[in-house]
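K.L.:
got a sequence here, can you build the structure:
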Amino acid sequence: MLTLVTGATGQVGRGFVPRLLAQARPGERVRVIVRDETRAAALAERGAEVVVGDLRDTDVLGKALTGADAVVNIAASFRGVPDEEIRAVNRDAAVELGRAAVASGVRRFVQASTILVYGEGRGRPHVEDDPSVPGGPMWMTYPESKLEAEHGLLALEGLDVRIGRLAFVYGEGDPHLPGITRWTAIQPATKRHHLVHVADAAQGLLRLLHAPGADGRVYNIADDAPVTVLEIHQLLGAEPPADGPDPDPWYGIASTDRVRRELGYRPHFPTLWAARDAGAL
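P.N.:
Residues are numbered from 1 along each chain as shown. Predicted structure coming up:
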């Protein structure tokens, strides 16, 4: 089995690919697409095949997909870039990758998405069958483009597509958590965020990749205990956040019941505090 991974040098990919390589059985191969070969040197040393080029280059796609049995698409663009770039990477490139995968005979496609696609809260944790209700404090081009990519990929015929909707990823040196205070400072102290350690994001995506019978299924991947903005700021030693009530306390909170029951997922770091105590931040 040959698995092609995109976004291998990004925050999620850096946690996923080494674990995929470590779990590889005899005869299983891992290939990655990167724009900067030097950033993939450590992966190459561990046995990954490296294809250099842009995900949006059809010639590069053709080379990368040759002989592939599965694709894990982790590549993403979000903060700090124009909306057009976000749509080009998250939606257009993802769907084009799916089409190219079908043409190349790839059997399985795992798409990394986000729990933010649900939009506004429902008075309970979001479940995978909930339709998107755009809006709320974190609705932007990023979740919109990810949702459109999901729809485009699931509509492709002849491809076994599985969607993993990730909570806010942190851990193992990922700078997302320290950076979160730039935009949580104006949120109510009681506002909750659902997190997932990078080790558990990797675990969830690996389970999606290998599970039989998950064709067309969507799974939330998160930890067990959302944390408040106040708790995040206290852990990071940041200035206290704004005071006041949270107008939508279920925004961005997702149920992991499906991935637990169907794929046996159990987070290695069930809470942010568990990761802190283990020195895994």
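
K.L.:
any idea which residue sits dead centre in this protein?
P.N.:
The residue lying closest to the centre of the chain (C-alpha atoms, centre = their mean) is Ala112, at 4.1 Å.

K.L.:
spatially, what comes nearest to it if we skip its sequence neighbours?
P.N.:
Spatial nearest neighbour of Ala112, excluding adjacent residues (C-beta to C-beta, 6 or more residues apart in numbering): Ile74 at 4.6 Å. C-beta: built from backbone N, CA, C; applies to glycine.

K.L.:
wait, doesn't that neighbour sit right on Gln11?
P.N.:
No - with contact defined as C-beta atoms under 8 Å, Ile74 does not reach Gln11; the gap is 9.2 Å.

K.L.:
who has more neighbours, these two?
P.N.:
Counted by other C-beta atoms under 10 Å, Ile74 and Gln11 do not tie: Ile74 has more neighbours, with 26 against 20.

K.L.:
dump the residue contacts of the more buried one.
P.N.:
Applying C-beta atoms under 8 Å, 6 or more residues apart in numbering to Ile74 gives the contacts Val5, Thr6, Gly7, Ala8, Gly10, Val12, Gly13, Phe16, Ala112, Leu205.

K.L.:
can you pull out the low-pLDDT segments for the stretch 151-281 of the chain?
P.N.:
The model of the stretch 151-281 of the chain has no residue with pLDDT under 70.

K.L.:
the stretch 151-281 of the chain: helices as residue ranges?
P.N.:
Applying DSSP state H, counting those that start in this stretch to the stretch 151-281 of the chain gives helices spanning 176-179, 181-184, 198-210, 229-236, 257-263, 272-277.

K.L.:
nearest to Ala40 among those would be which one?
P.N.:
helix 198-210 (17.0 Å; C-beta to C-beta).

K.L.:
tell me what the closest one is packed against?
P.N.:
Using 3 or more C-beta pairs under 8 Å, 6 or more residues apart in numbering; DSSP states H and E as the contact test, the elements touching helix 198-210 are helix 11-22, strand 70-73, strand 108-114, strand 160-166, strand 168-170, strand 218-221, helix 257-263.

K.L.:
identify the residues contacting the third one?
P.N.:
Meaning strand 108-114. Residues outside strand 108-114 that contact it (C-beta under 8 Å, 6+ apart) are 7, 12, 69-74, 76, 94, 98, 101, 142-143, 146-147, 149-150, 153, 159-166, 205, 208-209.

K.L.:
mark which of those residues are buried, thanks.
P.N.:
Buried by 16 or more other C-beta atoms under 10 Å: 7, 12, 70-74, 76, 94, 98, 101, 142-143, 146-147, 149-150, 153, 159-166, 205, 208-209, out of the contacts of strand 108-114.

K.L.:
same list (the helices and strands packed on helix 198-210) but as TSV, adding distance to Pro82.
P.N.:
Formatted as TSV, the helices and strands packed on helix 198-210 follow (distance: least, C-beta to C-beta, whole Å):
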stretch	distance to Pro82
helix 11-22	20
strand 70-73	21
strand 108-114	19
strand 160-166	23
strand 168-170	23
strand 218-221	28
helix 257-263	33
